[in-house]
Structure formats: structure tokens, C-alpha cells
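1. Sequence plus predicted model, see below.
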Protein chains: 2
Amino acid sequence: MMNNKTVSGDRFTVTYLITGDEKDAFTTARDICIEQTVEFPEELIYDSFIRNNIFGRIESFSCEDNNRFRAVISFAIEISAFELTQFLNVILGNISLKPGIIIDDITLPAGLLEYFQGPRFGVAGIRDIIGVYNRPLIATAIKPLGMNTGEFQHLSEKFTYGGIDIIKDDHGLSNQPFSAFKERVKNISDIVNGRHAGKTLYFPNITAPFSELIDRAYYAKDAGAAGVLISPALTGFDAMKHLADDKNFALPIMSHPAFIGSYLNGGTGFSHGTLLGTMMRLTGADIAVYPNFGGRFSFSKEQCNDIAAKCRSYMHHVKKIFPSPGGGMNFSNIPEMTEFYGIDTVYLMGGGLFKEGSDLAENCRKFMDMVSTCKT
Amino acid sequence: MMNNKTVSGDRFTVTYLITGDEKDAFTTARDICIEQTVEFPEELIYDSFIRNNIFGRIESFSCEDNNRFRAVISFAIEISAFELTQFLNVILGNISLKPGIIIDDITLPAGLLEYFQGPRFGVAGIRDIIGVYNRPLIATAIKPLGMNTGEFQHLSEKFTYGGIDIIKDDHGLSNQPFSAFKERVKNISDIVNGRHAGKTLYFPNITAPFSELIDRAYYAKDAGAAGVLISPALTGFDAMKHLADDKNFALPIMSHPAFIGSYLNGGTGFSHGTLLGTMMRLTGADIAVYPNFGGRFSFSKEQCNDIAAKCRSYMHHVKKIFPSPGGGMNFSNIPEMTEFYGIDTVYLMGGGLFKEGSDLAENCRKFMDMVSTCKT
């Protein structure tokens, strides 16, 4: 049996925003160092290896604003076991059950980042696939749930004819009897791949039970789908990472925020940019869908800006990805959105596309025209 | 291509507690019916099949308390695709991103419940394995992270000698270099299986990346482990369900709440009993670990009572499971806890077991003696 009680010295850091007065917030920061590592009464730990290397370490502690403090805490990379599941456990496992703690930033050193390849394509790779470099991309979804495959084919034909870059399944389409997965994916892929003059990509939703997910991903690829949609909060984040890391699969991944919002409540969880930007990117999304400000969700401009910034900021070898604001996008807010997000964005319009008039293909072209005026 | 636009008429119901005044709360309830199903402008849906069968349906709406309303909403079972991932998406997918919505109850009709076998063992099955029927069970964990396998063996020997029913890995032990998974699981299994007079069960932590989880589960079984520990919020809930449903695996499962707490913030998410009782049970846990009231976490007595009640309430074929309160259990609160939880409980003491004196085996025996006075 090996006695591997050594560490490299490499550490990753997590920035926590802690609610409370200075004394309570500092106590919480110290508690995080213990709870997230040894989860054991500190005073009963005599082993200096554990005290010096396993405990989290407060690197800085400062006042953020009234009744909120910013604690930067570092952890030995070895305690993550170089596994995403355990990494998530270290940063928010048990403390997710305690109040007033928000992860506002995560920084990984090279020794840990090598286990996070991130997206296979990113902004540059997706642009190469579509062959478009000087404008934003536009996307829409086939919906609503309850239509049959023939009806979705009809919609897909119009979207493709109208020049949409990416058609995704609605995230609620899985394998319902109304339009079974295999039937839908095969038929929509055929339509989308057959009709386009330019390049329209179809991303079916492969969010599925544990034992089905990989089969659906490969079925989609074999059927001619150009990418996939996945909701990592439903499947586990590592399922998405697994697919992104799979050299044989090698299709772009669009992440959807279904079931993830409870981590963004303002209670204990993540900041919007860290979860929907940094985490989606670290775990392999090429395009991160999230609700736009001003729509029917409650995200603020500041939160949306944070997401977009973290999709595109420098992160060593981890490629920049497309933020994809949706959820209430319509023709009237396109100018404000393009001004706000710029060109390296996948603009996602669902229901709004149907509200503009009865010629759906014409609406798609208008959508493209309007976003194409977007400046770099 | 089939035109399967039919439904059985069977519906599942979700009870939402919605924060707001009566008008806003009712608007939210109506919104849930649309957002969680068609996610499409209601006024643009002309298809009567979809309007009548796919939209959620408000079954009742009543005042819960000051500024909070109880809406019972039903959905056609077919929209779940009979898959856990999509079921979770229907009940809380997009609305997880909106404020003030808590799932307080879930009721499944027989037509959907048949896809949820629940735990393989439950209270009765675990009692049969251990051969103990007239007292609660006691559990502890090997920890802290940073010890090597030899040190964990030493602890396990004492716990086993002291008569602990279940020894689990700390949920933060995965495959760190200090004590690699395979080495630890093999050696601890040997110790625990070799020394006991009665029946001590070892539950290693198999929470792991997507591609490793099943291998670890089977490695643990082959090495002689009696059950496994899994944190479903880290792996995805369906990974736990998959293992529970696997006839060849067929070992008891203990669920851990790591990374799940953000769903319990009091913002949008679940009530404590629904998530840590009902959901853990539906997805295959035989024993559900959660933080006890009065410990270092912030759960109230009422919340803990709700969890325990939902672990044990009647749910058709879905077996009753053991609530397992831990997280701050110590000798001084045993009387209050046993009075509160009764005998069908796995009492979990970690650090507290070390605080009682230097003879760990003796502390285990004292723990057993104290909980054994528990009345039915």
C-alpha cells in the first residue's frame, strides 16, 4: 500500500461572496476551509500533512459591499482527484446546504486545467464549420412539444429556407410518443441537410437518462445532426464533459440551463457568469444558452454581461465560446441586444419568430438582416 | 411516420408554493403550465390537442399563508417521456430560473410510477441484510480526507470492533492520491468483512465521473463492499436510479446531499421533504443522508420531520427508506434525536464519535447503547 501523503503545491482558488457581518463572514470562510475538505472537527486533527495541505486556505478576505465579504480560498489540486464530480464537491458540496455563500470566480492552475479540455470547437471552430466570420449567428428551436415529427419537419424546412444558422430541438423534446427521438432526429436531419443553400446546423436534444445519453448522441451523429443540445443540470455536468472529451463523437455542444436556476437564486450557489459562462465552458459547451435580460426571466443586464464576458475571457487553452441569449428575444429587442452582446454571439429566438407575421422563412431572413448589422 | 398525438389521460401532479400576491401568484401558476410544457406563446397555439393535453393544468389554487399560494398543477404523463431527466425538466426545468417557486409535493399515478421502481431494499431489505429489527441502525464515516488507506483501515477496524452497522466513506473521498479508490475499497472491505462478530456493512463512495461511475460500483461489489454511497446532485439523479434499477448490481444505496443545497435555499427549488425524501426515494436511495437540525447546518426541526416523513410515507410499490440525519450529531443530542426520529432511522455520527474519548470502539458501543433505548 502506498503512502502518498504528498502534494504538488499547485492550488486552485475559489472566490466566495459571503453574506454577513465581518466576523460571521470570516467564520464562514474558515468553515469553508474545513467543511469542504476534511469535514471533521479541526481541533481533533493533529496530522500536520493534513493541516498544512488538505485544509482550504484563505488567501484574501475583503469587504465587498454592505454586509457582504469576498473570500478567496485556495485548495490543493490533489483533493479534486482531478475529477469534475469531486471538484464540484470541493467548491460547493456540503456548503450548498448552508446559507449566504456565492461562488463568484474559479481559477485553475495548469496542473488542474489540463484535466479540463473545455469545448472542442468554441467560437472559432463553430465559425469554421458554418463558414461565417463577419456576423453573429442566429438560432431557433423546433417547438412546441406535442407536435409530431411531420409538423417539426415542416418548421425545419422553413427555418432552413430562411437561413437560420442553428436549429435546435426545444429542450423539452426528448423521446415523447408524439415525436419519438430517433424518428425526429433522422427526419429533421434529412430536411436540414438536404435543403440548405448555406449551412444550417441541426442540434437535437440528447438530454436523456444515464444509460441512454451516449446512444442518443451517437445516433444523432450517425443520422447527420451537426451538433447536440444538452442540459447538464439534468444529466450531471460530467456527462457533457464526457461527450466534449470524446474524440470519436466530436460534434459541437450547446448547453441549456434547464433545472440549473436554483444555483442562481441569490442564496447559496454561483454567480451567473461563473455558472453559465465559466462552468459551461470548462465542462465542454461550445455555445451556452441562457435567458436574456428584459425577457420573461429575471436576469439583469449586469448578470448577462457577466455571462457573456466569462464565455469569452482568456482561459489558457480553454477556447472561447458563444454566449447564446434567448428566452424572450423578439424583433423589437434585437437592436438593443446586438449593441449589448456584439458579434461573437448566437442570438436565439423561439416564439418571437412566429409573432412577426405568417411567413416564417421571411421572418428568419429579417432576423438575419437585423443581427447582421451588428458591429464587431 | 406515426401520428401519435394521443395521450392516456393519466396525469401527474406537482404542488408548487408560489410567492407573491394572489394575482401575481396565479399568473405564475398559469405561466408554469406553459413554460414547462410548450414554452411557446400561448396565443399562437391553435392546435387543440396541444392546448387540451400538453399544457399543464391548474387543478387547485389556494392561499397558503401571507403572500404565498399553493398551486396544484397536473401534466400528462406522456410529456415526461417516462424518463427521469425529462420528468425533472417538466417539474422544474426553465422555472428554476424564475423567482419564488417551491415544489412542495409530487404525486405520480400508476402509469408513471411503474417507471420508478425506487429503492431495491428499503427499510425492510436493509434490516434483513443486517438481521436487526428492534432498534435503529448506527453509521459513521471514515475520514478525514488526507489520511492514507492504512490509517482508514485502522479506523475501520475500530468501528467494526465497536459494532457500527454501516461504515461509509466520507463523501469527499473519491480517488485522491492519498488513498486511491481501488486500494481503499479493497482493503477496507477486507477489514470490515473479516473482523465483525455481527454485521458491519461498508459503503464506499462511488460518486465519480460519468465514464467511471459504473466501473467503481462494480469494483466495490466485487471487492466485497455491502453497499455504496452516491451524491446524486454531483452525478445526475439518473445515475443513482440506473444503479438502483440494475438487477446485477443489487446493492443498497445511501444518498448524500452534497451539491444539492442550492435547491433548498428558500428561493426557487424544492421543499426539504420533497427533495431529500421523495426524490431520493423515487430515484433509488435506500438510506437518505441529510443534515440534522441543531447541527452546523441550518435545517429546522420541521424540515427534518418533513424529510423523515417522506422517507417513510406510503407510496404504492416504492419502498419506505431510512432517513439518516447526520452533520453535527454528537452524544449529547442522541436522546433528543431518537425521541424525534424513532427506530426506522440510520443515525449517522462522524466527528462527534471522536470527541467522546480516546477509545473509538468503546465510543461506538456507547453510541449503539444510547440509540438502542429508542422506542418504536
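-> Yep, it's here.

2. How many residues are close by A:Thr6?
-> 11 (other Cβ atoms under 10 Å in any protein chain shown). (C-beta placed from N, C-alpha, C; glycine too.)

3. list the contacts for it?
-> B:Pro177 (Cβ atoms under 8 Å, 6 or more residues apart in numbering or on different chains).

4. Let me see the contact set for the residue of the stretch 101-250 of chain A found nearest chain B.
-> In the stretch 101-250 of chain A, the residue that lies nearest chain B is A:Gly236 (2.9 Å; Cβ to the nearest Cβ). Going by Cβ under 8 Å, 6+ apart, A:Gly236 touches A:85, B:210, B:234-236, B:239.

5. and with 10 Å instead?
-> Applying Cβ atoms under 10 Å, 6 or more residues apart in numbering or on different chains, one finds that A:Gly236 lies in contact with A:84-85, A:88, A:210, A:213, A:242, A:283, B:85, B:209-210, B:213, B:232-239.

6. cool, A:Leu173 as well?
-> A:141-147, A:152, A:179, A:181, A:184-185, A:204-205, A:207, A:229, B:81, B:86.

7. I'd like the distance between A:Arg51 and A:Asp31.
-> Separation of A:Arg51 from A:Asp31 (Cβ to Cβ, to the nearest Å) stands at 16 Å.

8. Between these two, tell me which one has more neighbours.
-> Set side by side, A:Arg51 and A:Asp31 show more neighbours around A:Asp31, with 18 against 13, by other Cβ under 10 Å.

9. What residues sit buried inside the helix or strand hosting that one?
-> Secondary-structure assignment from DSSP states H and E places A:Asp31 in helix A:22-35. Using 16 or more other Cβ atoms under 10 Å in any protein chain shown as the test for burial, helix A:22-35 gives A:25-26, A:28-35.

10. if I look at A:Pro99, how far off is A:Ala25?
-> From A:Pro99 over to A:Ala25 (counting by Cβ to Cβ), the distance is 12 Å.

11. Need the residues touching each of these two.
-> A:18-19.

12. how about the helices of the stretch 201-350 of chain A, start to end?
-> A:213-223, A:232-235, A:237-245, A:272-273, A:280-282, A:301-312, A:334-341 (DSSP state H, counting those that start in this stretch).

13. where does A:Ile45 sit relative to chain B, distance-wise?
-> 6 Å (Cβ to the nearest Cβ, to the nearest Å).

14. A:His317 now?
-> For A:His317, the distance to chain B - Cβ to the nearest Cβ - is 20 Å.

15. so what's that residue up against?
-> A:110, A:113-114, A:116-118.

16. pLDDT and distance to chain B added to the buried residues of helix A:22-35, as JSON lines?
-> As requested, these are exported to JSON lines (pLDDT from 0 to 100; distance: Cβ to the nearest Cβ, whole Å):
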{"residue": "A:Ala25", "pLDDT": "98", "distance to chain B": "16"}
{"residue": "A:Phe26", "pLDDT": "98", "distance to chain B": "16"}
{"residue": "A:Thr28", "pLDDT": "98", "distance to chain B": "11"}
{"residue": "A:Ala29", "pLDDT": "98", "distance to chain B": "15"}
{"residue": "A:Arg30", "pLDDT": "98", "distance to chain B": "12"}
{"residue": "A:Asp31", "pLDDT": "97", "distance to chain B": "8"}
{"residue": "A:Ile32", "pLDDT": "98", "distance to chain B": "12"}
{"residue": "A:Cys33", "pLDDT": "98", "distance to chain B": "12"}
{"residue": "A:Ile34", "pLDDT": "97", "distance to chain B": "9"}
{"residue": "A:Glu35", "pLDDT": "96", "distance to chain B": "8"}
